[in-house]
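Colleague: Quick one, fold the following:
(2 chains)
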Number of protein chains: 2
Amino acid sequence: MPGKSILPEGGRTSKEAVIHSALKLFNMSGYDGTSVRAIAADARVNIALVSYYFGGKQGLLEHLMSSFFEGYLDCLENAAKQDNIQPNGQAEDLIVTVADALITYQQKYFYLSRFVHREMTLDNQLVRELMASYLMKEKFLLTQLLEKAVPGFGKDPLQADFTLLQFRDLIIMPFLQPQLLRKVYYMKPSESSFRPGYLRYIAGWADRLLEENRRFKRRQRVSQVR
Amino acid sequence: MPGKSILPEGGRTSKEAVIHSALKLFNMSGYDGTSVRAIAADARVNIALVSYYFGGKQGLLEHLMSSFFEGYLDCLENAAKQDNIQPNGQAEDLIVTVADALITYQQKYFYLSRFVHREMTLDNQLVRELMASYLMKEKFLLTQLLEKAVPGFGKDPLQADFTLLQFRDLIIMPFLQPQLLRKVYYMKPSESSFRPGYLRYIAGWADRLLEENRRFKRRQRVSQVR
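Modeller: This next block holds a predicted model:
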C-alpha cells in the first residue's frame, strides 16, 4: 500500500516532499521532461537525498508505479471476494462493489493514479515488466470476477476479453483522462461528488450485460421445450 | 486531413521523414524527452529544416495534433450523416458505422493516433486549446449521433454524458493503450484483423443500450394501458 506520503497534505517528511514534488512535476512536464534537480528544488531538499531515498529518478519512478499497483490489486482482490455477494444480493452488486473500491482508491491517490496510468501508455522496458506482473494479475482477477458475476462469461473468449477491457476502462478512464472530463464534460473526477453518479452508470452497464445473458438463457429454455 | 506523410512508408520527402522520425521518437521517449536534434538526426536532415517546415518542436507538435483531429472529426461528421441510416436499417447500424469509420482512420494513422491520445492526457496550454476546439466539437457531434440513435437519450444529462464518454472510449482505447492490448490480451490493434471482432463487441454494446430503452418504453406503454 502506498503510504500517506502520496497525499498532498502539509506536515510531510522530506521523503514525502520528494514524492509530492515528483508527482506534481511529472504531471506537468512528463517523466522525461523532469530533472532530479527540479524535483529536489521544488521539494526544498538536497538533491543527494533523492538518490539516498530512491536511488535516483528511475528508482523513484519504480517506487511510484509499484506502490500504486500493489494498493490497487489489494483493493481489487479484497472487493472481489466471494463473500461480498449478499445472500439475497445480485451479481450486479459485486461488479459495483469492485468498481467502487477501485474508484475510491484512485480518488484517494488521484495524482499518483493519473501519473501511473499515463506512464503505462508508453512503450519501454519498465512498462513491459509492470504489465507482465501487475496487469497480468489484474486480468486474472477481473476474469475471475466476471466469470463469477456473469453466467456463461468466457464462452466467446475474444468477446469476453473485450467485456473485461471495457470494465477496466470504466474504472481507469476518469483517472487517465481527468482533463477531458473537467474541461469538456464539466465533471470533477477527483471529488467525492463524482462517485455516486458514475457508480450508477456502471451499475446500469452491468445490468444491461446481465439482462442480455438472462434473455439468451430464456430463449435457450424456450427452444428446448419446443 | 493528414497527408500520406504520416504513414511509415519508404520514398518519403524530407518533411515526411521529419514527421516519421518525430512520431517514432515521441512514442519512445515522450515529447519532452525528445530533442529537435535527435529528430533531425533520425530523419537524416539538417536541423534547420525542422524550423523551416514547422517553426520548431512546438510547431511540429501543433501540426501533428491538428492534422489528427481535423481528419478524425471529418470522419466522424461524414459517418454520422442522417442518410447513413438505411431505410430498413437499425440505429445500432449508425453507431457501428461511426465506430468503424473512426477505428479505420486510427488504424491508418496508428502511430499518430497513439501519440495524440497520449499527449491529450497531459495538462498544458496546447491541450486546453485543443480540448476547447476539437474535443468540444467531438462532444457536440457524438451527442447529435446518440440523440439520433437512442430514443430518449439526454433525459438524464449526467448519465447521457457517461454513455457518450463510454462510446468515445470504446473508439479511442485500443489506440491509447495498444501496449496493454498487445502484451496482456494478445490483441493486435494496429492490424486489420482486429477490426471485425471489435466492431462486433461495439454492436453488442449498442444493442444492449437500445434494448434497455425498448424495454423501458414497453413498460411505460403497459402501465398507461392499465
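Colleague: what's the nearest residue to residue A:111 if we skip its chain neighbours?
Modeller: residue A:23 (4.6 Å; CB to CB, 6 or more residues apart in numbering or on different chains). Yep, even glycine has a C-beta here, placed from its N, CA and C like the rest.
Colleague: could you say which helix or strand contains the one you found?
Modeller: Assigned by DSSP states H and E, residue A:23 belongs to helix A:14-29.
Colleague: Pull out the buried residues from the very next helix or strand once past that helix.
Modeller: Going down the chain from helix A:14-29, the next helix or strand is helix A:36-43, by DSSP H and E. Within helix A:36-43, the residues that count as buried by 16 or more other CB atoms under 10 Å in any protein chain shown are A:36, A:38-40, A:42-43.
Colleague: Let me know the secondary structure of residue A:133.
Modeller: Using DSSP: H, G, I helix; E, B strand; the rest coil, the structure places residue A:133 in helix.
Colleague: Can you tell me how far it is from chain B?
Modeller: Computed as CB to the nearest CB, to the nearest Å, the residue A:133 to chain B distance reads 11 Å.
Colleague: and that residue, how many residues sit next to it?
Modeller: By other CB atoms under 10 Å in any protein chain shown, 13 other residues sit near residue A:133.
Colleague: Name the residue closest to the centre of chain A, please.
Modeller: Note on chain A: the residue nearest the mean C-alpha position is residue A:172, at 4.9 Å, using CA atoms, centre = their mean.
Colleague: How about it: what's its closest non-neighbour residue?
Modeller: Nearest to residue A:172 is residue A:117, by CB to CB, 6+ apart, at 5.8 Å.
Colleague: Likewise for residue A:96?
Modeller: Closest residue to residue A:96 apart from its sequence neighbours, by CB to CB, 6+ apart: residue A:203 at 5.0 Å.
Colleague: Give me the phi and psi angles of the one you found.
Modeller: With angles defined as degrees, to the nearest 10, residue A:203 sits at phi -60, psi -40.
Colleague: Quick one: work out the angle between the helix or strand where the residue nearest to residue A:172 lies and helix B:110-119.
Modeller: Using DSSP H and E, residue A:117 falls within helix A:110-119. Here the directions of helix A:110-119 and helix B:110-119 differ by 170 degrees (axes from the mean of the first three to the mean of the last three CA atoms, to 10 degrees).
Colleague: chain center to helix A:110-119, what's the gap?
Modeller: Relative to its chain's centre, helix A:110-119 lies at 9 Å (CA atoms, centre = their mean, to the nearest Å).
Colleague: Would you mind identifying the next helix or strand past it?
Modeller: Per DSSP H and E, the first helix or strand lying C-terminal to helix A:110-119 is helix A:125-130.
Colleague: Whether that following helix contacts chain B - can you check?
Modeller: Yes. If you take CB under 8 Å from any CB of the partner chain as the test, helix A:125-130 does meet chain B, through A:127-128.
Colleague: Remind me which helix or strand residue A:189 belongs to.
Modeller: Residue A:189 belongs to no helix or strand, assigned by DSSP H and E.
Colleague: wouldn't it be in contact with residue A:174 here?
Modeller: Yes. The pair residue A:189 / residue A:174 is scored as a contact, 3.8 Å apart, by CB atoms under 8 Å.
Colleague: what residues are shared contacts of those two?
Modeller: Among the neighbours of residue A:189, those also in contact with residue A:174 (CB atoms under 8 Å, 6 or more residues apart in numbering or on different chains) are residue A:181.
Colleague: What helices and strands are in contact with the helix or strand where residue A:211 lies?
Modeller: Assigned by DSSP H and E, residue A:211 belongs to helix A:194-225. Packed against helix A:194-225 by the contact rule (3 or more CB pairs under 8 Å, 6 or more residues apart in numbering or on different chains; DSSP states H and E) you find helix A:91-108, helix A:157-176, helix B:157-176, helix B:194-225.
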